[in-house]
Every structure is written in structure tokens, then in C-alpha cells.
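Q: compute the structure for the input listed below.
(2 chains)
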Amino acid sequence: MNDEFFIGWQKRPPPRLGRFLAMVAGGLVLGMAALGLALGSADEPGGPDFAAIGAGAALPDTAEMSGVVTLLPYPVLHRADGRPVLLGGDGKRGAGIPPGLDGQVATARGYVQQRGSIGMLVLDAPPVAERPGTPPPVQALGRWRITGEICDGKCAAGSMVAGTGLAHRACATLCLSGELPAILVSAAPVFGQSFMLLAGPDGGPLPETLRPLIGLRVSMEGALEWRGNLLVFRADPAAARTP
Amino acid sequence: MSVRYTPVSWTPFKWWFDAALLAGVALYLWVFTWLARGGLDEATVAIRARGTLAFILLTLALAIGPLARLDRRFLPLLYNRRHLGVITALVAASHAMAVLDWHFAYSPTPPWLAVLVSEPGVTQWPGTPFIPFGIMALLILAVLAATSHDFWLAFLGPPLWKAIHMSLYLAYALVVAHVAFGQLQAATQPGLAVLVALGAGGLIFLHLAAALRGEAWTAIAAPEAPWLIVGHARDIADGRAVVMRPAGAEAVAVFRNGQALSAISHLCAHQNGPLGEGRVLDGCVTCPWHGFQYRLEDGRAPPPFTEKVATYRLRLMGDQVWLDPRPNPPGTYVEPLRA
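A: So this is what the prediction gives:
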């Protein structure tokens, strides 16, 4: 029987106990490294579907771009090449575009956040109106039930990676409170798209009653439509539920 | 033991303990962050690395106690557990600050206010708020880290101090809830779930195993009340004790020091450590947890120390040792039994 007895305030443990404790220390250090490798490498990359589905041509990182501005449910710049770009402001703030720009051809400057099919231009300054424009045509697609996650278009566009999921709920809630565009990231592709701009039944911004569902897997019903090359889902809050 | 308060009573062993601990912490963060990044942004990687590290350290802190009961070679780790606890609290705080600086920053709403207003109500399911669990756990860890010093032990008294520090278990449960209602709800990889399951399951197993490993002798009533039969005097090894657990009373440790037998409380006055699992060194019972010492004949710590524990009367009947389970006031002199 090992009769060694070590008191914590003694300078050094006895030899046999010291060897045991040295092995424990070595095991601790190596074990922590192994855990770091296992957990770090097992960590999920954020939103792989964004990059895999519906990706358009890459947008430049810093850009001046023009197109037709629409403001509802959230500001979007519909570029001449057909690619819609969400508009946002710095941080967790919306673009703050004056109402008079709705339907105008405008030039906007800023930096681009882009992940797969989602692109957002983070404005340096309000867009400059050039002339009246023609908003993209609206094509009604009927009533749909779609399962997905409500989040903000900025984080989903790559400001934050993963940028989705329940752990990101608080951030998404703050982004949407700051009037950044709300989107629904669908669980399965819809018309080749992984996301759609989310609107209330009246075509305005996300209703406050849907706020508790941010970041969760939700099933929503409502009218789906194309606005140019952007899917817009006018969700009925009464029919939204967690599966 | 010390009669004055010092921030840390450093010894070479303590330096080695802290060096190994900090090396493990640094290596974990480095490997997680730089070798194993999985496509997340830097801030999110830091949040996850620090969060998982805090969980691992908390699990280790709670595992040391039962490990030391199951294998006495782990006792030196118990002696230095406070440092592990403080580092755990710091890592958890750095996790919280990283979250605050990322998920709650850059908003028109001030970060500290955003923490309070961005979660739904507690009754929501699915989507039960998980951030409050983390905040409560962090507050507990902060209090425990701040009071991890002998000043607070002396100021609050051992029973209250011990009760406060038992809330570490509550903090652990809150951390498990924080992870279970948070990141685990959205995880697509099993790594975190496996970590939590193994950590919490392992802790439950260790505590059950330690609890079932009873070292106390069954108290048998002697023919004459209130005496209890301890057993044969020769069965008590020199320098060691047998522990009796009288019904409805505190456990008692009956020690042999050469030819002398003495009985004192099983619970150390410092942190209720198991005195009966200690040894007699230099004529004093030495607590295995933190080395507090007590004289066998009166249960008092040798001067200049002032701690004292209850003593008990013993009686020799033939070869049998009897114990009076009624405690004497702490520090009461009792003539050792010669056997």
C-alpha cells in the first residue's frame, strides 16, 4: 500500500506521488490539446447552403452600384444585371433611406457583404437619386407553407458566420430591431433560392408578433412572389408556428 | 495553515500546478482557434472556444473532489482547486465579454440593455431563453472566485462559506442548461453534445462512486448507553483513524498515535474536510484537504493557530474500544486511551 501522504503546503510531493502528479499534469496538457482539436474541428461551418444554392455572380467588395431602389418591405437595390442587393447601414442599423427614393434609379456606395446568393451593400451615405425608374415586375406565386429560420439579411450575408441558429438569436433580434432586412432562410430550396425577403401580410416590414420566433425553426404560410429576381414572402403571422 | 492573510501562499508544487493548468488552457485555445477553425468568423470561434473551455474547466473542478475520495493520490489537486476555480471564472467571463462585444455590440441599443431585452419570455418553448442561464452561472462563478480566499473563509465562517461554495453545482447545472437550450438546439455536429453528455454524466458517475465508497464503520450500540462499540483496538492502524457515523450525530474519527487512542470530529474546522482520512504527523491529526492540524488530546490546532474541533470520550472494555457519541465542546481536553 502506498503510504505517502502529501500536505498541500509542503514544498514538494514525495517521489512516487510526484511521478503520479507529473503524469496527471502531462495528461491534462495533452488532453486539453486533444479536446481543442476534437471540438474545434467538429464545429459546424456556418450556413453552407448559402454558398451552394442560388449563388449569382460575385459582387465586388467595395462598390458603387446603381439600380432601382424599392423600400418595402426593406430597402433593395435592383441592379441592371438583374441581381438584387439588400441595402443596410453600419452596424446593426438599417439603411435609413428617405421615402422619396422609392422607385428611383439611384447610385449607392458602400462595401459589400456577400455569401452565396445573398448580397448586401452597406451604405457609406444615402443613395443619390438619378431619375425615376421602373420597379421590377411582381409575379405572384400563390400561397406557400415554408419551413426555415427568421434572421437578418446582414449577418446571413456574411457579416457574421454562422449568422444563423439559436445562438445567434439575440444578434438577429437586435439587427431586426435596428431595421435591417428580415429574411427567411428556407430549410429546402424554393425556386432555387435559399432565402427570401420576409414581409408582413400587407407587404410591409416583419410584424412585431413574429419577433419571438426569430432564430427558431419555424413553419410559415403566406403569399410568395418574385420581385424581379428576389423572392419575397408575405407571411401571415397567425399561421406561423414552430414545427 | 497560516495565521495571516496572504494573496497566495506559493509553494513549488503550486507553481507547477498553475503552470500545467495555464499550459492546458493556452494549448486548448490555440488549437481550437488556429488549427481547427471550421469556417466561422474569428469572434464566433473565440466565443465557442472560451465557452467550451469554461465548461471543461468547471467539469474538472467538480471532478477533483470525488476523484480524491476514490484515489487519495488526487488529494494534492484538491488542495489547489481554488486556482482552477478562479481561472474557470475568468475564462467564463472572457466568453461573456466576447459575446457582448459581438452579438450585442454595434446596435442602437446599448449592449448591457440589449442583453436584457433581446430574449423572449421564459415560458417560450421551443426557444427557451438560454442567455439568462449563462448570466446566472457567471454571477455565481464571480462570487465564488471573489471569495476564494481564507479571508472570506474566516469572515463568513466555514459553514456559510462552504454553503456558498456548494453553489458551484448550481452553476454547473445552469451552464448545462445554457448550452442545452442554446447552441445544442442548432448544432449539426455531435461534438458539443458529446462533450456535455460525457462531462455531466462523468461527474454524476464519479460522485455516485465516491458516495458509495463508504469508509465509515457501522456504529454498534454497546451494552451500556450511550456508548457505541468502535471495534478492536488492534484494528486501528498507527497514525490512521477509523470513522464512525453514529445515528443522528456527526461522524467521529478515532485515531491511533502509537499506544494512544483519541476521538475527534471527522469534520475539519477549515472546510469540513474529512479529518478521518488524514494522518497523524508530528503528533497532530493532519487534514488531507488543506493540511490543517489538530492535537489529538484536545482537538486544538497547535499555537499560534486557533482552530479547534469537538473531542469525544473513549473507553476500553477488554480489547474493545467504546465511543461516547456525545461531542465535547470544541477544544475540550480528553485523556487519550492507552491500548
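Q: please make it C-alpha for all contacts and neighbour counts, starting now.
A: Fine.
Q: who's in contact with residue B:169?
A: Residues near residue B:169 by C-alpha atoms under 8 Å, 6 or more residues apart in numbering or on different chains: residue B:62.
Q: looking at chain A, which helix or strand is least sure?
A: When the helices and strands of chain A are scored by mean pLDDT, DSSP states H and E, helix A:48-52 comes last with a mean of 51.
Q: so how far is the helix or strand following that helix off the chain centroid?
A: Next along the chain after helix A:48-52, taking DSSP states H and E as the criterion, comes strand A:62-70. On the basis of C-alpha atoms, centre = their mean, to the nearest Å, strand A:62-70 is displaced by 21 Å from the centre of the chain it belongs to.
Q: what lies in contact with strand A:62-70?
A: So strand A:62-70 is contacted by A:75-80, A:101-112, A:133-135 (C-alpha under 8 Å, 6+ apart).
Q: please, which helix or strand holds residue B:153?
A: helix B:150-156.
Q: that helix close to chain A?
A: No. Shown here: helix B:150-156 not in contact with chain A (C-alpha under 8 Å from any C-alpha of the partner chain), separated by at least 14.0 Å.
Q: run through the neighbouring helices and strands of that helix.
A: Contact here means 3 or more C-alpha pairs under 8 Å, 6 or more residues apart in numbering or on different chains; DSSP states H and E; on that basis helix B:150-156 packs against no helix or strand.
Q: check the offset of it from the chain's centre.
A: 16 Å.
Q: pull the CA atoms of it into PDB?
A: C-alpha atoms of helix B:150-156 as PDB (Å, rounded to 0.1, in the frame of the first residue of the first chain):
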ATOM      1  CA  ASP B 150      -9.000  32.500   3.500                       C
ATOM      2  CA  PHE B 151     -10.100  36.000   4.500                       C
ATOM      3  CA  TRP B 152     -13.600  35.200   3.300                       C
ATOM      4  CA  LEU B 153     -13.500  31.800   4.900                       C
ATOM      5  CA  ALA B 154     -12.700  33.400   8.300                       C
ATOM      6  CA  PHE B 155     -15.000  36.300   7.800                       C
ATOM      7  CA  LEU B 156     -18.100  34.200   6.800                       C
END
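Q: where do the helices of chain A begin and end?
A: Secondary structure of chain A, counting by DSSP state H: helices at A:15-41, A:48-52, A:153-154, A:169-177.
Q: out of the ones you listed, which is the most enclosed?
A: Counting by mean count of other C-alpha atoms under 10 Å in any protein chain shown, helix A:153-154 has the highest mean neighbour count of these, with a mean of 32.
Q: not counting its neighbours along the chain, what's nearest the most centrally placed residue in chain A?
A: Closest residue to the average C-alpha location of chain A: residue A:156 at 1.9 Å, with C-alpha atoms, centre = their mean. Of all residues not flanking residue A:156 in the chain, residue A:163 sits nearest, at 5.2 Å (C-alpha to C-alpha, 6 or more residues apart in numbering or on different chains).
Q: wait, the one you found sits on residue A:153?
A: No. Using C-alpha atoms under 8 Å, residue A:163 is not in contact with residue A:153; the gap is 9.2 Å.
Q: any figure for the gap between residue A:82 and residue B:199?
A: With the distance defined as C-alpha to C-alpha, to the nearest Å, residue A:82 ends up 52 Å from residue B:199.
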